[in-house]
Structures are given as C-alpha cells and as structure tokens.
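Engineer: Provided below for reference: sequence and predicted model.
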Amino acid sequence: MPIYEFCCNQCGTAFEELVRNGFRPECPECHAGDVRRLLSRFAVHSSSPNLGGGGASKNCSSCAGSSCGTCH
C-alpha cells in the first residue's frame, strides 16, 4: 500500500495518505472528498556512483542552512 500526497481542492490543505485499492481519501481539515493526488519527489543520495555524484554542495536547496544533516 503506497503513501501518496494529496491536496484538497476545497481548502488547499496538503496531506499524505496510505491508499488501498480504489480508496479516495478525504481532507483531514475540511473533510471534503474533492482531493487530487500530487506528484511526489523522491530522494536520491547524491554521492551514489551510479548517478555521477560526489556529494551535495554546501548550497543545497533542500535545507535552510548548515543545521540540516542531509547534505553537509
């Protein structure tokens, strides 16, 4: 059962939901059933030799500074 990201078309709330076959989730905020599935980004470790990476740069766009541990 995959976890998908959704956005409510009524109130704009973004949320994740574990989805079973054919199940349409409802918004956790306004309980509307009018939601759309978002395209999710997936993580890639940039030091993977198969991807030609040598590690992330200090200007990593996924963090706000040196406090994150994902790219430094």
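Structural biologist: In hand now; what should we look at? Residues are numbered from 1 along each chain as shown.
Engineer: When you work out contacts or count neighbours from here on, use the C-alpha atoms and nothing else.
Structural biologist: Will do.
Engineer: What about residue 8, how many residues nearby?
Structural biologist: 22 (other Cα atoms under 10 Å).
Engineer: Report the contact partners of it.
Structural biologist: Taking Cα atoms under 8 Å, 6 or more residues apart in numbering as the criterion, residue 8 is in contact with 14, 27, 32, 33, 34, 35, 36.
Engineer: Residue 6 touches residue 12, doesn't it?
Structural biologist: No: in terms of Cα atoms under 8 Å, residue 6 does not count as a neighbour of residue 12; the distance is 9.6 Å.
Engineer: Specify which residue of the two has the higher count of neighbours.
Structural biologist: Between residue 6 and residue 12, residue 6 has the larger neighbour count (other Cα under 10 Å), namely 21 against 13.
Engineer: coming back round to it: looking at the contacts of residue 8, spot the one nearest residue 2.
Structural biologist: Taking Cα to Cα as the measure, residue 2 lies nearest residue 36 of those, at 15.4 Å.
Engineer: if I look at the closest one, how far off is residue 21?
Structural biologist: Computed as Cα to Cα, to the nearest Å, the residue 36 to residue 21 distance reads 16 Å.
Engineer: Could I get the full set of helices for the chain?
Structural biologist: Remark: no helices are assigned in the chain by DSSP state H.
Engineer: Could you list the low-confidence segments of it?
Structural biologist: Along the chain, the model assigns pLDDT under 70 to residues 42-72.
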